[in-house]
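> Give the three-dimensional model of this entry:
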Amino acid sequence: MFSVSEEWKTAYPGAAVGVLALGNVTNPENHPALDQLREALEGQIRTSFASKEELRAQPRLQAYRAYYKRFKKTYHVQMQMESIAFKGKSIPRVAALVEAMFIAELKDQLLTAGHDLDIVESPVRLDTARGTEQYVRINGQEQQLKAGDMFIADAQGVLSTVIYGPDRRTQIVPGTRRALFTVYAPPGIGEEAVYQHLKDIEANIRLFAPQAKAELLQVYGTN
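Just a heads-up that it's a prediction; the model follows:
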C-alpha cells in the first residue's frame, strides 16, 4: 500500500514518515469528548510558554523550522501554537476526524495530513519533488511543487506536500468511513515520536468512533 523512494532516503537522512489507515470510522460534526480534549490542550499551550522565544525553542519546532527555511516558508503549526498561546485564539472547530488530527498535531507539533481512504488509489508513495509536479490544494488552488519538497502521491496524483499541505481530491468529508493520516517528520524528530503521534490520532478518533479498525499503522525511516 505504501512505499518510500530511494531519492527521499538519500535527500533526507534521519527523516521519517508515518502512515495510519483507519476503517469503520464516523465523522460527526462535533463530539463532547473532543471538545474537552481541545479545551484542555488550549489551556496547556497557554500556560506552558512564557514567551514566543520559549515556544520556538522546542526541539521539534526547531527541526521543522530548519526544513521550512530552505523554502523560505514558516511552519504553520508553530504559528497556530503562537496564536493560541499569545493571541487568545482557539483550535478550529471542524468535523471530528479532522479535529482529532488537529488536536494531535498541535499536542505533538508534528505535521499531519488527512484523506478519505476510499478515494485514495494504490499504490501510495513518498518521494522528493522535482519541481514539475502539480496538484489542486485543499483550498482549490492549483499548485506546482517546490523542487526538493517531500510529497506523498497515489496512482492519480499528489496527496500532500510538506510546504503546501493536502489535496482537494481526497479530502475528508462528512461521509468519510475510512481515513488515511500521514505524518511528515524532518531530520531531528525521530521515528518513535512519529509512532506515538499516530497512536494519539487513533486514540482521539476512538473517543467518537470506538469501532474503528486500524488497517495500517507504520513508520518508515531512511535506514
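> Please enumerate residues in contact with the helix or strand in which Thr112 is found?
Using DSSP states H and E, Thr112 sits within strand 111-116. Contact with strand 111-116 is made by 64, 75, 77, 97-98, 101, 104-105, 152, 159-160, 162, 165-167, 170-173, 176, 178-185, 197, 201, as judged by CB atoms under 8 Å, 6 or more residues apart in numbering. For the C-beta atoms, the positions are set from N, CA and C on the backbone; glycine is no exception.
> What of stretch 136-153?
8, 11-12, 15, 17, 70-71, 113, 124-135, 158-169, 171, 182, 184.
> again with stretch 79-93
Contacts for stretch 79-93 (CB under 8 Å, 6+ apart): 30, 38, 41-42, 45-46, 48-49, 52, 55, 61, 99, 102-103, 106, 109.
> Kindly report the same for stretch 58-77.
55-56, 78, 81, 105-106, 108-111, 146, 148-149, 162-163, 185-189, 193.
> pLDDT of stretch 102-113, averaged?
Per-region confidence: stretch 102-113 scores 98 on mean pLDDT.
> Tell me which of the contacts of stretch 136-153 fall in helices.
Counted as lying in helices by DSSP state H, out of these, are 8, 11.
> ok so, going back, just the buried subset of the contacts of stretch 58-77, written out for ChimeraX, thanks.
Command for ChimeraX that selects the buried part of those, burial taken from 16 or more other CB atoms under 10 Å:
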select :55,78,81,105,106,108,109,110,111,146,149,162,163,185,186,189,193
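> Mark which of the contacts of stretch 58-77 are part of helices, please.
55-56, 78, 81, 105-106, 108, 193.
> what separates the helix or strand hosting Tyr220 from the chain centre, distance-wise?
Assessed by DSSP H and E, Tyr220 sits inside strand 213-221. Using CA atoms, centre = their mean, to the nearest Å, the distance from the centre of strand 213-221 to the centre of the chain it belongs to is 14 Å.
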